[in-house]
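Participant: return atomic coordinates for the entry below.
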Amino acid sequence: MSFSGAPDELVTSFIQSVQRIAFQQNRIKDDEWIAEYASTCFAESALVWYLGLDKETRSSWDMLSVALVQRYPDPAAAA
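Facilitator: Here you go, the predicted structure:
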């Protein structure tokens with residue numbers, strides 16, 4: 001699984017996939033583990049964006065998922 005931030009990728013699908021993996025690994029309540037896992041999925045422009053985030057945001061799935069939605073809003077949500 002990867003997320004590059006391309007226009008045809010839905011950030012909500014990426015977030016849901018990350019959360020599903022965390023659930024399967026019995027880590028759904030482990031905010032830092034989920035953020036670290038998600039970091040391994042970023043590619044291209046999304047990776048550059050991620051690397052520019054502050055450490056606090058990179059270390060918290062709660063904060064990272066909000067930042068993702070703000071940076072890569074789904075087209076349907078903008079309509």
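Participant: which SSE is immediately downstream of the helix ranked longest in the chain?
Facilitator: Ranked by residue count and defined by DSSP state H, the top helix of the chain is helix 11-24. Sequence-wise, the next helix or strand downstream of helix 11-24 (DSSP states H and E) is helix 31-39.
Participant: following that following helix, which helix or strand shows up next?
Facilitator: Per DSSP H and E, the helix or strand that comes after helix 31-39 is helix 44-51.
Participant: buried stuff in that next one?
Facilitator: Residues of helix 44-51 classed as buried: 46-47, 50 (neighbour count, 16 or more other C-beta atoms under 10 Å). For glycine as for every other residue, the C-beta is placed from the backbone atoms N, C-alpha and C.
Participant: export those to a markdown table and tack on distance to Asp31 and pLDDT?
Facilitator: A markdown table is the format used below for the buried residues of helix 44-51 (distance: C-beta to C-beta, whole Å; pLDDT from 0 to 100):
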| residue | distance to Asp31 | pLDDT |
| --- | --- | --- |
| Ala46 | 20 | 98 |
| Leu47 | 21 | 98 |
| Tyr50 | 16 | 98 |
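Participant: show me what contacts the nearest residue to Ser4 once chain neighbours are set aside?
Facilitator: Closest residue to Ser4 apart from its sequence neighbours, by C-beta to C-beta, 6 or more residues apart in numbering: Glu44 at 3.9 Å. Contact analysis of Glu44 by C-beta atoms under 8 Å, 6 or more residues apart in numbering lists 4-6.
Participant: how far away is Glu44 from Gly5?
Facilitator: For Glu44, the distance to Gly5 (C-beta to C-beta, to the nearest Å) stands at 7 Å.
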